[in-house]
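A.B. asks: coordinates for the following, if possible.
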Amino acid sequence: MTTGLEGIAAGASALAGQAAGLRAAVDSGKVVMTPEAAERVAKLYEDKADDVRKKRFRTDRLLARSAFGDCNIGRALGQKFEDKVNAPEVGLVAILAKTEEILRNMAQAYRDSAREMQNTDEEHARNLNRNV
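C.D. replies: Purely as a prediction, here's the structure:
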């Protein structure tokens, strides 16, 4: 069973896997959307990314100074918590930053799927004009 930051990191890892699958599907032409539909979905992902960004910038509120008391054990607990929040690559701030990036990449993948549809339509129109 995962707890705390391990659970959040596992969720971010799962989201990264979904994003990679989406990107592969878009790049291979398996996901093609109208520009309007792609923009609606992309907007949802960007809104989620904005929410994550806000949470990431508010993590300093999690660091309650002297919340554990002004003694060696209290300071050690406070430092341990701060380390969990700010640790590079595995801390809460790093996980939230990665999650935000993944969400924005997913939004872009949906937009790219619409561009692929437009490019295909334009190519078909050019081919049709050549054959007429």
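
A.B. asks: ok, longest helix in this structure?
C.D. replies: helix 92-131 (DSSP state H).

A.B. asks: against which helices or strands is it packed?
C.D. replies: helix 4-27, helix 35-57, helix 72-86 (3 or more CB pairs under 8 Å, 6 or more residues apart in numbering; DSSP states H and E). From N, CA and C alone the C-beta is placed, and that goes for glycine too.

A.B. asks: which of those helices sits closest to Ser113?
C.D. replies: helix 4-27 (4.7 Å; CB to CB).

A.B. asks: make a markdown table from the helices and strands packed on helix 92-131 and add mean neighbour count and mean pLDDT to it.
C.D. replies: Supplementary listing: the helices and strands packed on helix 92-131 in a markdown table, determined by neighbours: other CB atoms under 10 Å; pLDDT from 0 to 100:
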| stretch | mean neighbour count | mean pLDDT |
| --- | --- | --- |
| helix 4-27 | 14 | 91 |
| helix 35-57 | 15 | 94 |
| helix 72-86 | 13 | 84 |
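
A.B. asks: between these, which gets nearest to Glu100?
C.D. replies: Closest approach to Glu100 among these is made by helix 35-57 (4.4 Å; CB to CB).

A.B. asks: return the distance of the closest one from the chain's centre.
C.D. replies: 9 Å (CA atoms, centre = their mean, to the nearest Å).

A.B. asks: which secondary structure elements does it contact?
C.D. replies: helix 92-131.

A.B. asks: sorry, back to before: buried set for the longest helix of the chain?
C.D. replies: Using 16 or more other CB atoms under 10 Å as the test for burial, helix 92-131 gives 92-100, 102-114, 116-117.

A.B. asks: picking up where we left off before, quick one, which of the helices and strands packed on helix 92-131 gets closest to Ala125.
C.D. replies: helix 35-57 (15.8 Å).
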